[in-house]
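Asker: my questions concern the predicted model and sequence given below.
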Amino acid sequence: MTTQSLTHMHRRCFVCGEDSPSGLRARFELADGRISGRFQVREDLQSLPGVTHGGILAALMDAAMAQWLLQNGVVAVTALLQTKFHRSLATGSWITITAWPRPDRGEDDRQYHLKSRIVDNRQRTIAQSEAVFVRYEESTGE
């Protein structure tokens, strides 16, 4: 399967899908073994007034890691996502999301371990995630 056809599978993804009417439509690019993207947090993505919802940040990191896999020819689903928040982020802020593979592959050849980080315009770490993805088996839906 080509990278273009893999990306097409995500057209309705809430975070990165072009065809998701209420989605975030985040864009990512692969370079130097990492995937990254810039994103401006909309005002309606808040928890407390003026503060970006942590679930949105976690979703952006999850999507960046999934995009790294897609760009490397792997269709996988999140099995475990651990996120650490370092500081709050004002809505309206621009952020950079980066994802890369961890050196360990996992317990079997279906597992992929990745990391992700969000920084603000001053290069301060806002949040970090580590995740385990499991190869998606289309015939079984697992």
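Answerer: That came through, no problem.
Asker: where in this protein is pLDDT low?
Answerer: Along the chain, segments meeting pLDDT under 70 span 1-12, 14-15, 17, 19-20, 23, 105-107, 138-142.
Asker: buried ones in the biggest helix by length in it?
Answerer: Ranked by residue count and defined by DSSP state H, the top helix of the chain is helix 54-71. Within helix 54-71, the residues that count as buried by 16 or more other C-beta atoms under 10 Å are 56-71. Just so you know, the C-beta spots here come from the backbone N, C-alpha and C atoms, and that holds for glycine as well.
Asker: can you show me the helices along this structure?
Answerer: According to DSSP H, the helices that the chain contains are 3-8, 54-71.
Asker: rebuild those as JSON lines, extending it with distance to Arg25.
Answerer: Converted to JSON lines, the helices of the chain look like this (distance: least, C-beta to C-beta, whole Å):
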{"stretch": "helix 3-8", "distance to Arg25": "13"}
{"stretch": "helix 54-71", "distance to Arg25": "11"}
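Asker: these: which one's closest to Arg135?
Answerer: helix 54-71 (8.9 Å; C-beta to C-beta).
Asker: other SSEs contacting the closest one?
Answerer: Secondary-structure packing of helix 54-71 (3 or more C-beta pairs under 8 Å, 6 or more residues apart in numbering; DSSP states H and E): helix 3-8, strand 29-31, strand 34-40, strand 76-85, strand 94-101, strand 111-120, strand 125-135.
Asker: mind running it again at 6 Å?
Answerer: Using 3 or more C-beta pairs under 6 Å, 6 or more residues apart in numbering; DSSP states H and E, the elements in contact with helix 54-71 are helix 3-8, strand 34-40, strand 76-85, strand 94-101, strand 111-120, strand 125-135.
Asker: what's the angle between the last one and strand 94-101?
Answerer: In this structure, strand 125-135 runs at an angle of 40 degrees to strand 94-101, with axes from the mean of the first three to the mean of the last three C-alpha atoms, to 10 degrees as the basis.
Asker: need the contact partners of strand 125-135.
Answerer: Residues from elsewhere that reach strand 125-135 (C-beta atoms under 6 Å, 6 or more residues apart in numbering): 57, 61, 65, 76-87, 89, 110-120.
Asker: good, wrapping up.
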